[in-house]
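Colleague: Need the 3D shape of this:
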Amino acid sequence: FLSLANRLLRLDKQLTEPEKAKFSALTEGKSLQTVVKDLLNAYNPDVIEGIETQVRNEKLGDAPDEISKSIAEEIEKLRTSAAKVFTGELNEYVENVRKAHDQIIDTVNQDTVTKSEWDRFTTEKAQQVIQDFTTYIEQHKDEIIALSIFYDQPYRIRELTFKMIQEVMETLKLERPTLAPNYVWEAYKQLDQVKENSPKNELVSLVSLIRKVSGIDQQLIPYDRTVNENFQKWIFRQNAGQHNKFTEDQMSWLRMIKDHMATSFHLEMEDLDFTPFDSQGGRGKMWNLFGTDMFSIIDEMNINLAS
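Modeller: Residues are numbered from 1 along each chain as shown. Below you'll find the predicted structure:
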């Protein structure tokens, strides 16, 4: 118990906030520090002495054997409670996240520089990286909500959220850190299957790659470019259809939504209360610009820009 507590204390200093939140979700709301405290208390002499005192006071006048038995039972409850959070799922998560943060420093066998140049993919290596990424995504398409949405597209694409993509990224980094999106993108580039450099935002790279693997896009295309092209097509249909031509103020607002969706993948009504919309008047301003049409516009943009 003490050894495990010390290891978790070291790990606590390395975990990111999303990783700590995931830990709490797997322990039914207990933080990592609370779990550590429970482990330490399980063999803390002061805590055990407190249990003994409490039991003796409650069973004053009982036979010594009964008192000893009750004390042993209460101590066992304490230790069982501290240990029960460690399910197979939590144990696997702790091991994966530990590996992701682990750094091995060899101070004995020092490296020497024999050549200094950019590391280049061989064709075979690039093909293997792409195959490994494709296999990973397809194997998890029924387990991870975001991936199932991509494969069910276009019927559920409007459900995709920024948080869902973050969860895919976190899972990928834990389980297959060598398949980082920008690294996979470079493999495609090595095979001349994409000309552009990987997007600056790694989540955008990930969405672009998943769209390619799931068959939504036949070629690897930066997702922000896809959103821009879909936006232009949607605006053309809107101006030619049910809406009069949008005013410049309306277009400025729609471009702001488009830019948001290029990196956040979805727009919720609540998003209008935050950056960058809040500085422009938030949802009240959008209502002034579009009236009741704002609801259908948000819904349509969520569907059409991500298609």
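Colleague: measure the residue nearest to residue 245 when sequence neighbours are not counted to residue 151 for me?
Modeller: Once flanking residues are discounted, residue 245 sits nearest to residue 239: 4.9 Å by C-beta to C-beta, 6 or more residues apart in numbering. C-beta: built from backbone N, CA, C; applies to glycine. Look at residue 239 and residue 151: by C-beta to C-beta, to the nearest Å, they are 33 Å apart.
Colleague: Centre of the chain to whichever helix or strand residue 260 is part of, how far?
Modeller: Element membership of residue 260, judged by DSSP states H and E, is helix 248-264. Distance of helix 248-264 from the chain centroid (C-alpha atoms, centre = their mean, to the nearest Å) equals 25 Å.
Colleague: is it true that the residue nearest to residue 245 touches residue 247?
Modeller: No - contact criterion C-beta atoms under 8 Å: residue 239 and residue 247 do not qualify, at 11.3 Å.
Colleague: Which of the two has more residues huddled nearby?
Modeller: residue 239 (13 against 10; other C-beta atoms under 10 Å).
Colleague: Show me what the helix or strand containing that one is packed up against.
Modeller: Counting by DSSP H and E, the element that carries residue 239 is helix 223-240. The helices and strands touching helix 223-240, judged by 3 or more C-beta pairs under 8 Å, 6 or more residues apart in numbering; DSSP states H and E, are helix 202-214, helix 248-264, helix 293-304.
Colleague: ok, residues contacting the longest one?
Modeller: Contact partners of helix 248-264, identified using C-beta atoms under 8 Å, 6 or more residues apart in numbering, comprise 162, 201, 203-204, 223-224, 227-228, 231, 235, 246, 267, 271, 276-277, 280, 285-286, 289-290, 297-298, 301-302, 305-306.
Colleague: Highest mean neighbour count across the helices and strands packed on helix 223-240, which stretch is it?
Modeller: A comparison of the helices and strands packed on helix 223-240 by mean neighbour count, using mean count of other C-beta atoms under 10 Å, puts helix 202-214 on top with a mean of 22.
Colleague: same for it, what does it pack against?
Modeller: If contacts are counted by 3+ C-beta pairs under 8 Å, 6+ apart, helix 202-214 sits against helix 123-139, helix 145-152, helix 162-175, helix 181-190, helix 223-240, helix 248-264.
Colleague: Quick check: buried residues in the second one?
Modeller: The reference is to helix 145-152. 146-151 (16 or more other C-beta atoms under 10 Å).
Colleague: now, among these, which is nearest to residue 38?
Modeller: Lowest distance from residue 38 to those (C-beta to C-beta) belongs to residue 146, with 33.4 Å.
Colleague: Tell me how far the closest residue to residue 231 other than its chain neighbours lies from residue 265.
Modeller: Among residues not flanking residue 231 along the chain, residue 258 sits closest, at 4.6 Å (C-beta to C-beta, 6+ apart). Separation of residue 258 from residue 265 (C-beta to C-beta) stands at 12 Å.
Colleague: cool, residue 216 as well?
Modeller: Counting by C-beta to C-beta, the gap from residue 216 to residue 265 is 13 Å.
Colleague: who has more neighbours, those two?
Modeller: Counted by other C-beta under 10 Å, residue 216 and residue 265 do not tie: residue 265 has more neighbours, with 23 against 18.
Colleague: So what does the more buried one look like in phi/psi?
Modeller: Reported as degrees, to the nearest 10, the phi and psi values for residue 265 are phi 80, psi -10.
Colleague: mind listing what it touches?
Modeller: Counting by C-beta under 8 Å, 6+ apart, residue 265 has contacts 160-162, 165, 207, 306.
Colleague: a markdown table for those, including pLDDT and distance to residue 135?
Modeller: Conversion of the contacts of residue 265 to a markdown table gives the following (pLDDT from 0 to 100; distance: C-beta to C-beta, whole Å):
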| residue | pLDDT | distance to residue 135 |
| --- | --- | --- |
| 160 | 85 | 22 |
| 161 | 87 | 25 |
| 162 | 89 | 26 |
| 165 | 91 | 20 |
| 207 | 94 | 19 |
| 306 | 85 | 25 |
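Colleague: Just among those residues, which is most surrounded?
Modeller: Top of those by neighbour count (other C-beta under 10 Å): residue 207, with 29 neighbours.
Colleague: Okay, buried residues for stretch 38-51 please.
Modeller: Quick answer for stretch 38-51 (16+ other C-beta under 10 Å): 38-42, 48, 51.
Colleague: before we move on, back to that, so which bits of the helix holding residue 239 are buried?
Modeller: Neighbour counts using 16+ other C-beta under 10 Å place 223-224, 226-227, 230-231, 234-235, 238 of helix 223-240 among the buried residues.
Colleague: go on, stretch 18-34?
Modeller: Of the residues in stretch 18-34, those buried (16+ other C-beta under 10 Å) are 19-20, 22-23, 26-27, 30, 32.
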